[in-house]
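Visitor: My questions are about this predicted structure, shown below with the sequence.
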Amino acid sequence: KLQFLYLIGNAGSGGILRMFLRLCGAAAHGACRHAAGRPSQRWWRAARAAQQRWSSGAVSQGMMNSVVKVFATLSKPNYLVPWTRKVQQTATGSGFVVDARRRLLITNAHVILDAALIEVRREGTSDKFVAKLMYVSVDCDLALLTVAEEEFWADLSALPLFFPEEPAAAATGSTGRRRKAPPAAPACASHDLKDLVAAAGPFDGIPDIQQAVKVIGYPLGGDQISVTSGVVSRVDMQTYAVCIHNNLMAIQIDAALNPGNSGGPAVANEKVIGVSFQALSNAESISYIIPVPIIAHFMRVYFATTSAAAAAPAQGKKRAQTKQPKAKYVEHDRGAQVAKAEDLPLLSSTFYHPGFCTLGCFIQEPVNVHLRTQLGLKRSQTGVLVREILNLPRSAAKGVLKPNDVLLSVDGMAISNDGTIKFGQRRISFSHLLHFKDYGERVPIEVFRDKKVKKLSIKNMVIPPLVHSHIYNPYFDQKPKYLSFGGIVFTPLTVPYLKEWGADEWFNLCPRALLQAAFYDYASPERAEVVVLEQILTHKVNQGYQPEHFQHHALLAVNGVKVRSLQHLDSILSALRDDSYVRFSVGTTRETGCLVLQVKAAREADKEVLEFFSIPKIKHI
């Protein structure tokens with residue numbers, strides 16, 4: 001009965017609980033008085049425990065007041081016609097105050113991507129306030145917003161993230177990372193967020209399995225705030241739907257997550273344990289939240305790359321009005337250290353998260369007994385076999401690890417044969433330790449090489465993929481790039497380009513050769529991006545080249561020169577003489593077709609193509 005009352009209490013009010021306790025306890029209470037002359041202490045202890053459980057499970061009005069509804073007016077680029085945008089549409093999501101002092105709201109990146117206008121509305125009010133995007137990471141699907149109006153922030157407080165109240169020991173221990181003690185304060189909620197995320201470890205804020213959780217947000221089905229209940233089901237590595245390249249830590253819960261919940265908090269014991277972001281569509285009650293360690297990494301990089309003054313609306317407005325010097329930027333080098341705030345050419349004081357670090361090698365599970373014997377591993381020695389080192393400038397393993405090394409530990413944490421490390425009573429991939437570390441941070445490792453254990457260290461690096469999941473960079477917003485020559489349109493291959501084959505079915509419908517490059521290839525000095533022959537705009541100069549035979553194929557070479565990027569293609573074409581010919585070789589790994597044009601005729605045709613197809617300019621690079 002008490003468990004039943006607890007469930008009713010979660011769904012109803014304290015008055016219902018107290019009424020049921022009195023009704024159900026009347027007979028027992030009378031019997032106790034008749035037998036012993038006083039109420040049963042055991043009954044009251046149980047009743048009090050039930051009411052305490054109900055009280056701790058309820059979401060206070062103060063917490064709900066800090067959750068906002070996000071309205072985004074979107075104008076998505078058309079990647080198949082890259083000089084245009086699609087029909088304007090609106091979307092809604094959720095968000096919450098993560099740092100009231102710096103006036104920061106946090107939400108999902110996919111809620112506000114390609115937004116022409118972002119508005120937020122507080123709980124219990126009807127007024128919408130214009131919000132400005134301050135920082136974004138498509139890799140971990142998080143974004144920071146701010147609102148300039150003082151009225152919006154009146155009586156608003158931040159929802160505290162779930163950090164341990166007592167700082168961990170200085171040694172790496174179970175956290176695998178040296179931690180600084182947070183500043184002394186009477187309660188964790190009063191700590192400065194910048195200090196908290198700086199001190200956080202890779203496993204701080206991870207709730208226990210079966211921990212009760214509440215999800216707050218504004219899902220479809222109504223306009224007002226909604227609260228759903230569930231429990232923590234699992235902690236594991238998951239692919240974030242908005243970015244196909246990263247498997248990051250995620251918490252699975254069985255609370256209902258519906259469209260509109262994205263960006264809202266998942267809370268336990270009045271603290272945030274994650275941000276709602278995705279659900280498994282072909283299953284029931286499988287939803288995911290972004291855990292505190294990923295949020296902490298996101299916030300830590302934000303605080304490291306921009307000052308608190310840049311987050312203030314007044315300072316942001318002043319900086320936006322100041323002409324910024326153009327900083328140098330290495331093409332496709334997402335792993336590079338972000339320049340100082342005052343040196344970056346900014347769009348509304350916006351920055352982009354540089355990504356998550358990886359090891360930069362392929363590994364194998366050394367489970368087979370014959371393989372272990374050949375390597376010389378003892379039964380007690382566990383780890384993963386290094387199979388191949390990525391020969392890339394930003395491979396952390398390059399120059400440190402060798403093929404046939406066995407990686408035994410990372411940051412003091414032993415690796416099992418399946419590539420997992422133990423935290424508490426659970427296990428997770430060792431790559432989470434590298435994801436949590438900062439770019440450029442030295443990470444100690446142990447390897448088994450030539451039947452000896454060696455202690456080494458790697459420099460944490462971000463390896464840029466060959467095909468990006470977005471068109472954002474540290475300068476933030478970009479339009480799709482394209483180049484037209486003789487009516488033949490070229491564009492870089494991106495995941496949004498592939499998703500033009502259908503938001504849900506693109507994986508099965510898009511060209512397989514392009515999909516291969518998107519998932520398994522990395523950017524290198526020889527090939528910074530895949531250039532695709534996107535379409536052929538019909539003109540007499542390209543007569544005879546049937547679009548269905550050539551479009552959506554990768555451009556391999558021009559006049560025998562391998563194409564590294566769209567910018568490289570532009571430099572090749574610009575250097576051609578009018579009286580020469582140009583040969584475009586298309587295919588996958590080898591040439592499967594070619595297109596030849598006379599250079600002068602192609603350049604003259606471009607003027608007519610621009611006018612007829614209403615293209616604003618011949619290229620956008």
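Guide: Noted; the coordinates are in hand.
Visitor: Am I right that residue 567 is in contact with residue 621?
Guide: Yes: using C-beta atoms under 8 Å, residue 567 is in contact with residue 621, at 5.6 Å. No exception for glycine: its C-beta is placed from N, CA and C like everyone else's.
Visitor: quick one: which of the two has more around it?
Guide: residue 567 (18 against 12; other C-beta atoms under 10 Å).
Visitor: Would you mind giving both backbone torsions of the more buried one?
Guide: Main-chain dihedrals, residue 567, degrees, to the nearest 10: phi -70, psi -40.
Visitor: Name the nearest residue to residue 519, ignoring sequence neighbours.
Guide: residue 244 (6.8 Å; C-beta to C-beta, 6 or more residues apart in numbering).
Visitor: So the one you found belongs to a helix, correct?
Guide: No: using DSSP: H, G, I helix; E, B strand; the rest coil, the assignment for residue 244 is coil, not a helix.
Visitor: ok, it - how many residues close by?
Guide: 18.
Visitor: which residues touch it?
Guide: If you count contacts by C-beta atoms under 8 Å, 6 or more residues apart in numbering, residue 244 has them with 469, 495, 518-519.
Visitor: Which ones among those lie within helices?
Guide: Within the contacts of residue 244, residues falling in helices by DSSP state H are 495, 518-519.
Visitor: helices or strands next to the top strand by length along the chain in the packing?
Guide: The single longest strand within the chain, with elements called by DSSP state E, is strand 226-239. Applying 3 or more C-beta pairs under 8 Å, 6 or more residues apart in numbering; DSSP states H and E, one finds that strand 226-239 makes contact with strand 212-217, strand 247-253, strand 287-291, strand 426-429.
Visitor: any residues touching the longest one, and which ones?
Guide: Residues outside strand 247-253 that contact it (C-beta under 8 Å, 6+ apart): 139-140, 206-207, 213, 215, 230-240, 266, 273-274, 286-291, 293-294, 356, 428-429, 431-432, 435.
Visitor: and if we set it to 6 Å?
Guide: Contacts to strand 247-253, defined as C-beta atoms under 6 Å, 6 or more residues apart in numbering, come from residues 213, 230, 232-235, 237-240, 274, 287-289, 291, 294, 432, 435.
Visitor: likewise stretch 565-574?
Guide: For stretch 565-574, the external contacting residues (C-beta under 6 Å, 6+ apart) are 481, 483, 485, 492, 528-529, 531, 558, 563, 621.
Visitor: of all these, which two lie farthest apart?
Guide: Greatest spacing in the contacts of stretch 565-574, by C-beta to C-beta: 485 and 528 (19.6 Å).
Visitor: who has more neighbours, these two?
Guide: residue 485 (26 against 20).
Visitor: how about residue 73, what does it touch?
Guide: With contact taken as C-beta under 6 Å, 6+ apart, residue 73 is in contact with 90, 116-117.
Visitor: so how many other residues sit close to residue 127?
Guide: So residue 127, with other C-beta under 10 Å, has 11 neighbours.
Visitor: top of the contacts of residue 73 by neighbour count?
Guide: Counting neighbours by other C-beta under 10 Å, residue 117 leads the contacts of residue 73 with 14 neighbours.
Visitor: what's the spacing between that residue and residue 470?
Guide: From residue 117 over to residue 470 the distance is 20 Å, taken as C-beta to C-beta, to the nearest Å.
Visitor: cool, residue 256 as well?
Guide: As judged by C-beta to C-beta, residue 256 and residue 470 stand 29 Å apart.
Visitor: out of these two, which sits in the busier spot?
Guide: residue 470 (19 against 16).
Visitor: separation between the nearest residue to that one once chain neighbours are set aside and residue 355?
Guide: Of all residues not flanking residue 470 in the chain, residue 138 sits nearest, at 4.3 Å (C-beta to C-beta, 6+ apart). To residue 355, residue 138 is 9 Å away according to C-beta to C-beta.
Visitor: same check, this time on residue 506
Guide: Per C-beta to C-beta, residue 506 is found 22 Å from residue 355.
Visitor: Fine by me, thanks again.
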